[in-house]
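> Quick one, structure for this:
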Amino acid sequence: MKKKSLGINALLNSLQSLLNLIFPIVTFPYISRTLSVSGVGKYNFSNSIVSYFLLIATLGISTFAVREGAKLRNDRHAFSEFASRIFTISLISMLVSYVLLFLTLALFSRLHEYITATLIFSLQIVLTTIGTDWVYIIFEEYGYITTRNIIFKFLSIILLFVFIRHSGDYLNYAAITVFASAGSYLLNFFHTKKFCDLKINFNFNWKSYLAPILTIFVSTIAVKIYGSSDTTMLGLMKNNYVVGIYSVSTKIYTMVGALWSAILTVTIPRLAMLMGNKQYKKYHEILDQLINLLIILVIPALVGLIMLSKEIVLLIAGQQYLRSTSSLAILSLALIFSALNGVFYQCVLIPAKREKYAMWSTFVAAIVNIGLNFVMIPLISENGAAITTVLAEFTTMSLDLYYGWDILSSVFTSKQNIRNIVSVLISCFAIVVLCLIGKNFIENSILRIGFDVMSSVIVYTGLLLLLGNSVAKKFYSEFKERFSH
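Numbering: from 1, shown residues only. Sure thing, here's the model as predicted:
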């Protein structure tokens, strides 16, 4: 297989994440103003219900497939055998998921109001299964993934403005969301023949596949629980209005977090391949660069998001969602914990085959999240849900750091990396000052956001260079060299 550039892959995946960021920025202001707050609440509650069954359908299959398949990608025959086994497991888990979903809808009368929206969202289950997106991640086909995403997002925007015209059109919104997020998986199914020959195959050692897959699944479902339980529990313990308010906070938080996961995602198959082939020196080099890059990008982003939470809510959702400001500011704190834990989990514990440890850390975090939700949601509603999410992310990050410390210690005990972190924290203080200046002297929200972002980027970058941050200096040198020729 031709070796692909991590930098180009990161750029392509960042472009895709930027597109995913722009899509809700373009559409959500229209949606939040066209649909009622209650309609947005029904949409999000139905989506949160299906997300659990989508999780059952996907198990831990993608994570396991990327870890094991990355080592086989240069041998078409071996990879085809492996991919066929993974695809067979996926089909079975999909059928189990649908059976459980239909039973749930039949047994719980509280969900009957949401049946139509839930069934629409459930189309994601079959589309995701046949989409085999893990094949494209293993082969680092980010050019194809990005192009596919652009086309379907563009078509979705057109459909959205055509079919969502009234406050009760949330079912149309659900259908368009499915088309935007999973419609392209139909193309994937027919395009996979370029990389492998898929077939249904029951004749293999199921235990060697299911044991690690189910272990990863327990971790994944625990993450999903503390990621989605907030919305579900708000819907059950409060009302659609509160879910609609909190959905704005989580939407913005997810949009910003997606940019960092784009950088992380492209390195996962490469790091899995390096560790699988025992190329430890190169593995540690890329891991060190990845963690430093996330720290230098995520911390200023969360500071800026906290300082501009009110303006961002007004810009994206409008005045009627202004109550989302406080829960967004609280959720922003979880960005750094979530980003770092993504590295610890996906790039350290999983390649090192320590999924059992990752399972326990996420299980503990889920218990913390759900337990505290029962206390915090009745007391302070959506702000309580946001606080429990922050605490859950911190818990799982801390435990995964502990379980992977023998691999990660060289990164966090390096004197240069410690200096880098200190320089980031000092430089972020300037962002706070600049945002306070904007707040006191600029009345227009859009102009204030523009001033705060532009001035913060310039001053933050300048301070990093002045304080000798090695990551900033490296990027500056490469930029200077590229444009000096």
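> how far does stretch 301-319 stretch from start to finish?
Terminal residues of stretch 301-319 are spaced 23 Å apart (C-alpha to C-alpha, to the nearest Å).
> where does stretch 61-75 sit relative to the chain's centre, distance-wise?
Distance of stretch 61-75 from its chain centroid, counting by C-alpha atoms, centre = their mean, to the nearest Å, is 21 Å.
> and what of stretch 113-125?
The answer for stretch 113-125 is 22 Å, by C-alpha atoms, centre = their mean.
> From the rest of the structure, what touches it?
42-43, 45-47, 49-50, 53-54, 57, 94, 97-98, 101, 105, 111, 170-171, 174-175, 177-178, 181-182 (C-beta atoms under 8 Å, 6 or more residues apart in numbering). Quick note: C-beta positions are derived from backbone N, CA and C, even for glycine.
> Buried residues in it, which are they?
Y114, A117, T118, L119, I120, F121, S122, L123, Q124, I125 (16 or more other C-beta atoms under 10 Å).
> Also stretch 228-245?
Buried residues in stretch 228-245 (16+ other C-beta under 10 Å): 228-235, 238, 240, 242-245.
> swap in stretch 446-454?
For stretch 446-454, burial by neighbour count (16+ other C-beta under 10 Å) applies to R448, I449, F451, D452, V453.
> So among the contacts of stretch 113-125, which ones count as buried?
The neighbour count (16+ other C-beta under 10 Å) marks 42-43, 45-47, 49-50, 53-54, 57, 94, 97, 101, 105, 170-171, 174-175, 177-178, 181-182 as buried among the contacts of stretch 113-125.
> name the element F374 belongs to?
In this structure, F374 is located in helix 355-403 according to DSSP states H and E.
> List the contacts of the helix or strand just after that helix.
Moving toward the C-terminus from helix 355-403, the next helix or strand (DSSP H and E) is helix 405-412. Contacts with helix 405-412, where a contact means C-beta under 8 Å, 6+ apart, come from H284, L287, D288, I291, N292, F344, V348, A352, L401, N417, I418.
> Quick check: closest non-adjacent residue to the third one.
Here the nearest residue to D288 in space, its sequence neighbours aside, is V411; by C-beta to C-beta, 6 or more residues apart in numbering that works out to 5.2 Å.
> measure that neighbour to F344 for me?
As judged by C-beta to C-beta, to the nearest Å, V411 and F344 stand 10 Å apart.
> what about these two, which has more around it?
Neighbours were tallied for V411 and for F344 using other C-beta atoms under 10 Å; the higher tally belongs to F344 (25 against 17).
> Contacts only, for that one.
With C-beta under 8 Å, 6+ apart, F344 has these contacts: M397, D400, L401, G404, L408.
> Which of those residues ranks first by neighbour count?
D400 (28 neighbours).
> ok, now which ones touch that one?
For D400, the contact set (C-beta under 8 Å, 6+ apart) comprises N341, F344, Y345, V348, L349, Y357, A358, S361.
> Pretty sure W134 sits against I61.
Yes: judged on C-beta atoms under 8 Å, W134 makes contact with I61 at a distance of 7.1 Å.
> list the residues that contact both of these two?
Here W134 and I61 share the contacting residues I86, scored by C-beta under 8 Å, 6+ apart.
> re earlier: list only those of the contacts of helix 405-412 flagged as buried.
Among the contacts of helix 405-412, the ones that count as buried by 16+ other C-beta under 10 Å are H284, L287, D288, I291, N292, F344, V348, A352, L401, N417.
> and which of the residues you listed is nearest R270?
Nearest to R270 among those is L287, at 10.4 Å by C-beta to C-beta.
> ok, now how distant is that closest one from C347?
6 Å.
> Please enumerate the shared neighbours of the two.
With C-beta under 8 Å, 6+ apart, L287 and C347 have common neighbours L271.
> Pull out the CA atoms of stretch 225-238 and give them to me as CSV.
Taking C-alpha atoms only, stretch 225-238 is exported to CSV below (Å, rounded to 0.1, in the frame of the first residue of the first chain):
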residue,chain,number,x,y,z
ILE,A,225,-23.9,6.3,28.5
TYR,A,226,-22.1,9.2,30.0
GLY,A,227,-22.3,11.0,26.7
SER,A,228,-26.0,10.5,26.0
SER,A,229,-27.5,9.8,29.4
ASP,A,230,-27.6,13.5,30.1
THR,A,231,-30.1,14.1,27.3
THR,A,232,-32.1,11.0,28.0
MET,A,233,-32.3,11.7,31.8
LEU,A,234,-33.2,15.4,31.2
GLY,A,235,-36.0,14.1,28.9
LEU,A,236,-37.3,11.7,31.5
MET,A,237,-36.7,13.9,34.6
LYS,A,238,-37.5,17.3,33.2
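> can you list the residues that contact it?
Outside stretch 225-238, the residues touching it (C-beta under 8 Å, 6+ apart) are 41, 44-45, 48-49, 51-52, 110, 242-243, 246-247, 250, 362, 365-366, 368-370, 373-374, 377-378, 381-382, 385-386, 388-389, 392-393.
> Please produce a PyMOL select command covering the buried subset of those residues.
Buried residues among those (16+ other C-beta under 10 Å), as a PyMOL selection:
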select buried, resi 41+44+45+48+49+51+52+242+243+246+247+250+362+365+366+368+369+370+373+377+381+382+385+386+388+389+392+393
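> any idea which of the buried residues of stretch 446-454 is closest to H191?
Proximity of the buried residues of stretch 446-454 to H191 (C-beta to C-beta) peaks at V453, which lies at 38.1 Å.
> Helix or strand for that closest one, just tell me which one.
V453 is part of helix 445-466 when elements are defined by DSSP H and E.
> Who are the packing partners of that helix?
Using 3 or more C-beta pairs under 8 Å, 6 or more residues apart in numbering; DSSP states H and E, the elements in contact with helix 445-466 are helix 280-307, helix 309-316, helix 415-441, helix 470-484.
> and it, how far from the chain's centre?
For helix 445-466 - counting by C-alpha atoms, centre = their mean - the centre lies 25 Å from the chain centre.
> Could you do stretch 70-78 as well?
On C-alpha atoms, centre = their mean, the centre of stretch 70-78 falls 28 Å from the chain's centre.
> again with stretch 426-439
Put simply, stretch 426-439 sits 27 Å off its chain's centre (C-alpha atoms, centre = their mean).
> Keeping just the C-alphas, turn it into CSV.
Extracted in CSV, the C-alpha atoms of stretch 426-439 (Å, rounded to 0.1, in the frame of the first residue of the first chain):
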residue,chain,number,x,y,z
ILE,A,426,0.5,31.7,30.3
SER,A,427,-0.5,32.5,26.7
CYS,A,428,-4.2,31.6,27.4
PHE,A,429,-4.3,34.3,30.1
ALA,A,430,-3.9,36.8,27.2
ILE,A,431,-7.0,35.3,25.5
VAL,A,432,-9.0,36.1,28.7
VAL,A,433,-7.8,39.7,28.7
LEU,A,434,-8.5,40.2,25.0
CYS,A,435,-12.0,38.7,25.4
LEU,A,436,-12.7,41.0,28.4
ILE,A,437,-11.6,44.0,26.3
GLY,A,438,-14.0,43.0,23.5
LYS,A,439,-16.8,42.5,26.0
